[in-house]
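S.K.: Sequence first, then the predicted structure, then my questions.
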Amino acid sequence: MDYKLPPLTDEFISQLIFCMEDQGNIYYLDLERGELVESNSDKSHRYLELPPWKPADGYRTMEKFVSKLRNPIYRERLGEVLQSGKGVFRQFKDVLSQQPTLERLWYYFKDREMRKQILRWYEINDEAFRLEALGEEAPEERPTHLILEDFIFTTNYESHKEEVDHLYEISKEELISEAPHALDLLREDGNGVIIALTLNGQVAGFIRYKEEEEVTKITFYAIAKEYRGLGLFHALFDALVETLQTSEVIVPFIGDSLKVLQMFEGVTHQVISKSISLPIEEWQEG
């Protein structure tokens, strides 16, 4: 009898992930009934082993997550956990629990990795599915929707002036230390600001801007270190454009903030200015 895998619905994927993560039991897919069943003695072709997901797979997924993490504080902390050798999984979860946004990003990342494993399993065991999926690759994406649960966006500068100004001074000094001549490129003026607040009211980041006729110019932006690399700037920018009356926005990139440029790659834009810092001695020697 020829068996066929059941349709790959979200509900079935969730069931598969649950069974894959359950290290205390062994599950099979009953191809005749299209259901997941616990271990049994019948080893006929009717029963198919699930995609493997051992502790080593979980550890490799944690390593991959940390390697892609752009937040320097939590990348270092999680990296130390992975090197500790004892209670790694528990320690990893404990660190993530300190930052709810990061925790949600981890579960999102792990879910995507497990879904990729399931897709490969389907391709191996189902000829029709393999032909249908040929050449397709799940796109990488920044799940900005996840962080909206952890932040509030406001334009009320006066209520948060002290914190915003403090973050501005810290970020400005940090930027100047990375790019000593960047101060000449910064503009402190602006007639508006959009602020990201944590749920307990702390300032996590801001974008300062100036609206001029049909163009809005961003004059400065900063994200507190503990919230970098989580997609907060993207969410801040989304919140900003929803409030603007102009049809165009100009975004400056200086120093480390050049990394943000990739977020605009999928949208038509024009490079209107570029500056480089060039060591004269090295140029002359070359």
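M.R.: Done, it's in.
S.K.: C-alpha from now on. contacts and neighbour counts both.
M.R.: Fine.
S.K.: tell me how far the ends of stretch 31-45 are from each other?
M.R.: The separation between the terminal residues of stretch 31-45, taken as CA to CA, to the nearest Å, is 8 Å.
S.K.: go on, stretch 237-251?
M.R.: Distance between the boundary residues of stretch 237-251 (CA to CA) amounts to 10 Å.
S.K.: ok, residues contacting it?
M.R.: Under the contact criterion CA atoms under 8 Å, 6 or more residues apart in numbering, stretch 237-251 has outside partners 153, 194, 207, 211, 213-219.
S.K.: between those, which is closest to residue 92?
M.R.: Using CA to CA, the shortest approach to residue 92 within these belongs to residue 153, at 29.5 Å.
S.K.: can you give me the strands for the chain?
M.R.: Counting by DSSP state E, the segments of the chain that form strands are 27-30, 35-38, 47-49, 151-154, 192-198, 203-212, 215-223, 248-250.
S.K.: Need the ones you listed in CSV (columns: mean neighbour count, mean pLDDT and distance to residue 68).
M.R.: Shown next, in CSV, are the strands of the chain (neighbours: other CA atoms under 10 Å; pLDDT from 0 to 100; distance: least, CA to CA, whole Å):
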stretch, mean neighbour count, mean pLDDT, distance to residue 68
strand 27-30, 20, 92, 32
strand 35-38, 14, 90, 33
strand 47-49, 18, 88, 31
strand 151-154, 19, 94, 22
strand 192-198, 20, 94, 24
strand 203-212, 22, 92, 21
strand 215-223, 20, 89, 18
strand 248-250, 15, 86, 28
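S.K.: Need those strands in TSV (columns: distance to residue 10).
M.R.: As requested, these are exported to TSV (distance: least, CA to CA, whole Å):
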stretch	distance to residue 10
strand 27-30	16
strand 35-38	14
strand 47-49	19
strand 151-154	28
strand 192-198	32
strand 203-212	34
strand 215-223	35
strand 248-250	39
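S.K.: and of those, who's closest to residue 174?
M.R.: Residue 174 sits nearest to strand 215-223 of all the strands of the chain, at 10.4 Å, using CA to CA.
S.K.: For residue 17, which non-adjacent residue is spatially closest?
M.R.: Setting aside the residues directly before and after it, residue 17 is nearest to residue 114 in space (CA to CA, 6 or more residues apart in numbering), at 6.9 Å.
S.K.: who wins for proximity to residue 126 among the strands of the chain?
M.R.: Put simply, out of the strands of the chain the one that sits nearest residue 126 is strand 47-49, at 11.6 Å, with distance taken as CA to CA.
S.K.: Distance from that closest one to the middle of the chain?
M.R.: From the chain centre to the centre of strand 47-49 is a distance of 34 Å (CA atoms, centre = their mean, to the nearest Å).
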